[in-house]
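J.: sharing a sequence plus its predicted fold:
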Amino acid sequence: MIVKGVLEVGGVSPRAQRCPGRSVKSTWEHRDLPVLAAVIRLLDETATAQVRVSKVAEACGLSIDEVASAVEALNGTYLARQKTLGEADSWVISRPTDAARRAVGQWPH
């Protein structure tokens, strides 16, 4: 791909090629998608409107910190996150969007 007259190699920008330690690694496959799938599964199985980060962490086998980071990344486009006065494990997740259900292969719902 050519961007502003500069050739990208393998979809990686020239800057990322020069500074490989500064490139951003994808979190979709190993963190965000499993969290999103767990949220939707838990909400559907329990027929509740919301689920806590701690329950999602148990369901997908990730740490509270990993789930909290995923929830921050997914907030808005894929789900709604409500922070509480407590630690991240008590945050509440709700309202998966149509895009969220499509991303996990559960569309239409």
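T.: Perfect, I can see it now.
J.: any idea how many residues pack against Gly76?
T.: Summarising burial for Gly76: neighbours were counted as other CB atoms under 10 Å, giving 10. C-beta here means a position set from N, CA and C on the backbone, and glycine is covered the same way.
J.: look at it and report its pLDDT.
T.: If you check Gly76, the pLDDT there is 96.
J.: what about it, distance to Ala47?
T.: 24 Å (CB to CB, to the nearest Å).
J.: go on, Ala73?
T.: The separation that Ala73 has from Ala47, given CB to CB, amounts to 26 Å.
J.: phi, psi of Val92?
T.: Main-chain torsions, Val92, degrees, to the nearest 10: phi -110, psi 130.
J.: any idea of the pLDDT on it?
T.: Per-residue confidence for Val92 comes out at a pLDDT of 98.
J.: rewinding a little: who has more neighbours, Ala73 and Ala47?
T.: Counted by other CB under 10 Å, Ala73 and Ala47 do not tie: Ala73 has more neighbours, with 16 against 6.
J.: can you show me the strands along the chain?
T.: According to DSSP state E, the chain carries its strands in the segments 2-3, 6-7, 50-52, 80-82, 92-94.
J.: for the third one, which helices and strands make contact with it?
T.: In this case it means strand 50-52. Counting contacts by 3 or more CB pairs under 8 Å, 6 or more residues apart in numbering; DSSP states H and E, strand 50-52 packs against helix 33-46, strand 92-94.
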